[in-house]
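S.K.: Got a sequence here, can you build the structure:
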Amino acid sequence: MSNSIRKVKTIDLELKDRLVGIQRVTKVTKGGRTFSFSAIVVVGNEDGIVGYGLGKASEVTTAIAKGVEDAKKNLIKVPIINGTIPHEQLAKFGGAKVFIKPASSGTGVKAGGAMRAVLESVGVKDVLAKSKGSSNPHNLVKATMLALLELRDAFSVARQRGISMDKVFNG
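M.R.: This is a model prediction of the structure:
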């Protein structure tokens, strides 16, 4: 199944960034150890647009800034209906598997760690989420983004099949 990637232009978007994780990495040279930082950042407008980025630098603030700039280059549009997702979705990236499921109004975001940052940045208010396998934040963010990218709303399903909206629901 070929799924078209929904890229978004960053024109006048109020993007909020969330730091998912920061790692101190070490490079051993003959002169000793050199420390640098790696930061994974999620940005979103909390209204259906989200992106993630990775920044590496010798200082924490610079790594975060680079991550934000990288995230702004990788934005996607996600369908959100009444504060939740249109249907349940399973996705896998590396060793991380994620399962997201729509929830009734008032449930809140039932997700942990890296998944919570992505889901809150995209603007989902009610969702049930489960991560299985690896808890590596990098792979969890990427798996969650894949799951969100594969979501389709009823309008896009009707357009893709070439049928009317009522035929999507009534078969």
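
S.K.: helix or strand right after the helix or strand hosting Gly55?
M.R.: Assessed by DSSP states H and E, Gly55 sits inside strand 49-57. Under the assignment DSSP H and E, the closest C-terminal helix or strand after strand 49-57 is helix 60-72.

S.K.: Against which helices or strands is that next one packed?
M.R.: Helix 60-72 is packed against strand 16-29, strand 32-44, strand 49-57, with contacts defined by 3 or more CB pairs under 8 Å, 6 or more residues apart in numbering; DSSP states H and E. All C-beta spots, glycine's among them, are computed from the backbone N, C-alpha and C.

S.K.: Out of those strands, which is the most enclosed?
M.R.: strand 49-57 (a mean of 22; mean count of other CB atoms under 10 Å).

S.K.: residues making contact with that one?
M.R.: Outside strand 49-57, the residues that touch it by CB atoms under 8 Å, 6 or more residues apart in numbering are 8, 13, 15, 20, 25, 36-44, 62-78, 118, 121-122, 138, 141-142, 145, 148.

S.K.: Narrow the residues you listed to those that are buried.
M.R.: In terms of neighbour count (16 or more other CB atoms under 10 Å), the buried residues within these are 8, 15, 20, 36-44, 63-68, 70-72, 74-78, 118, 121-122, 138, 141-142, 145, 148.
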